[in-house]
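Participant: 3D model of this:
(2 chains)
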Amino acid sequence: ELKVEQNPLFLSMQEGKNYTIYCNYSTTSDRLYWYRQDPGKSLESLFVLLSNGAVKQEGRLMASLDTKARLSTLHITAAVHDLSATYFCAVDRISGGGADGLTFGKGTHLIIQP
Amino acid sequence: GAVVSQHPSRVICKSGTSVKIECRSLDFQATTMFWYRQFPKQSLMLMATSNEGSKATYEQGVEKDKFLINHASLTLSTLTVTSAHPEDSSFYICSARDPGTGTYNEQFFGPGTRLTVL
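Facilitator: You can find the predicted model right below:
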């Protein structure tokens, strides 16, 4: 059974600090997705990581993928309150492509306090 | 990116009634759409894969007779919750893959439908 584990599940941090969210998965997939969800809303796509060693950055967020370790990280730099949300990582259920659903981690509920 | 819409955004119904939720891809054709369910403070769980012109594929534990899926066109999939009960109350989110984005299976999510069964 495919497993996707995120940690921490809950994170409270102060503005201006840095932190990293970790996502471990059990499949051999070389693709991983990060999403943001605000309360009562659907998912917003943040990053699509397509290969080993992929690194993508958008503003204060940076995501990386290590397929050999089956690990992805989402790093937050100099956090600001607007980044408060729940962050999910997800992987394809089937490695190698094709149209299939995603398996999600449990999500990291991030609160950034002034 | 590609746009996926859902209707309605929110529905409240009485126990025993049926509710239909629509998922549309607005600017692309989607041969495959996906339905997810999210309970409060939990993650998304894939319920079923909706295939245009053929039967849906349901995940283990999802009752196909209760959650009817129809994908009659390349831009529309519907999920009907039949004989809804309070335990069916949840946030239902659909997604679609835009074939034009290549093979990496990026899925675009609809805004979700919040179902409350009284």
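Participant: kindly report the residues of chain A close to chain B.
Facilitator: A:31, A:33, A:35, A:40-43, A:45, A:48, A:50, A:88, A:90, A:92-93, A:97-107 (C-beta under 8 Å from any C-beta of the partner chain). Any C-beta I mention is one placed from the backbone N, CA and C, and that applies to glycine too.
Participant: could you tell me which of those count as buried?
Facilitator: For these, a burial check counting by 16 or more other C-beta atoms under 10 Å in any protein chain shown picks out A:31, A:33, A:35, A:42-43, A:48, A:50, A:88, A:90, A:92-93, A:99-107.
Participant: one step back: in helices only, show me the residues of chain A next to chain B.
Facilitator: Per DSSP state H, helices hold no members of these.
Participant: in strands, which of the buried ones among the residues of chain A next to chain B fall?
Facilitator: Cross-referencing these against strands under DSSP state E gives A:33, A:35, A:43, A:48, A:88, A:90, A:92, A:102-104.
Participant: need the residues you listed in TSV with distance to residue A:80, can you?
Facilitator: Shown next, in TSV, are these (distance: C-beta to C-beta, whole Å):
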residue	distance to residue A:80
A:33	23
A:35	19
A:43	21
A:48	24
A:88	20
A:90	25
A:92	32
A:102	28
A:103	30
A:104	25
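Participant: now these in a markdown table, with pLDDT?
Facilitator: A markdown table is the format used below for these (pLDDT from 0 to 100):
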| residue | pLDDT |
| --- | --- |
| A:33 | 94 |
| A:35 | 97 |
| A:43 | 95 |
| A:48 | 92 |
| A:88 | 98 |
| A:90 | 95 |
| A:92 | 86 |
| A:102 | 92 |
| A:103 | 93 |
| A:104 | 96 |
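Participant: burial check on residue A:29, number of neighbours?
Facilitator: 22 (other C-beta atoms under 10 Å in any protein chain shown).
Participant: what's the pLDDT at it?
Facilitator: Per-residue pLDDT puts residue A:29 at 76.
Participant: that one: what secondary structure?
Facilitator: What DSSP: H, G, I helix; E, B strand; the rest coil gives for residue A:29 is coil.
Participant: against residue A:18, how distant is it?
Facilitator: 28 Å (C-beta to C-beta, to the nearest Å).
Participant: again with residue B:99
Facilitator: Taking C-beta to C-beta, one finds residue B:99 at 38 Å from residue A:18.
Participant: now swap in residue A:12 and tell me
Facilitator: 14 Å.
Participant: flag the shaky bits of chain A, pLDDT-wise.
Facilitator: A:94-99 (pLDDT under 70).
Participant: much appreciated, bye for now.
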